[in-house]
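In: need a 3D model of the following:
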Amino acid sequence: MSNKEFQSVDMLLDSIFKKHGVNLDKQKIDAKEKEALKGIVDNLKKSVDEVLQEKKETKDS
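Out: Numbers count the residues shown, from 1 in each chain. Now for the predicted structure:
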């Protein structure tokens, strides 16, 4: 994952946490938790990409 993608993930997580009133001390999130969150975001990205691809294929048909 590139630095730009990490920044996007950080921004996404920050906005979600703010929306729900969560105030995290970033120093308390360990590497394992960060990796788990990264996996979740990666899975969401893959799902969105699949939906967009399916939509494009049905539109082109």
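
In: which stretches of this protein have low pLDDT?
Out: Within the chain, the stretches falling below the threshold (pLDDT under 70) are 1-2, 5-6, 26-27.

In: find the centremost residue of it, please.
Out: Most central residue of the chain, judged by C-alpha distance to the mean C-alpha position with CA atoms, centre = their mean, is V41 at 3.0 Å.

In: for this protein, what's the longest helix?
Out: helix 31-60 (DSSP state H).

In: over to the residue lying closest to the residue nearest to the centre of the chain once chain neighbours are set aside: give its phi and psi.
Out: Closest residue to V41 apart from its sequence neighbours, by CB to CB, 6 or more residues apart in numbering: V9 at 5.1 Å. The C-beta positions use only the backbone N, C-alpha and C, and glycine is treated the same way. Dihedral angles of V9 (phi, psi; degrees, to the nearest 10) stand at phi -60, psi -40.

In: isn't V9 up against K38?
Out: Yes: at 6.5 Å, V9 counts as touching K38 under the criterion of CB atoms under 8 Å.

In: in terms of neighbours, single out the busier of those two.
Out: Taking other CB atoms under 10 Å, V9 and K38 do not tie; V9 has more neighbours (18 against 15).

In: gap between that one and I40?
Out: With distances taken as CB to CB, to the nearest Å, V9 is found 10 Å from I40.

In: do the same with H20
Out: Taking CB to CB, one finds H20 at 15 Å from I40.

In: neighbour count winner among these two?
Out: When neighbours are counted by other CB under 10 Å, I40 comes out ahead of the other of H20 and I40, with 12 against 7.

In: OK, contacts around the more buried one?
Out: For I40, no contacting residues are found, by CB atoms under 8 Å, 6 or more residues apart in numbering.
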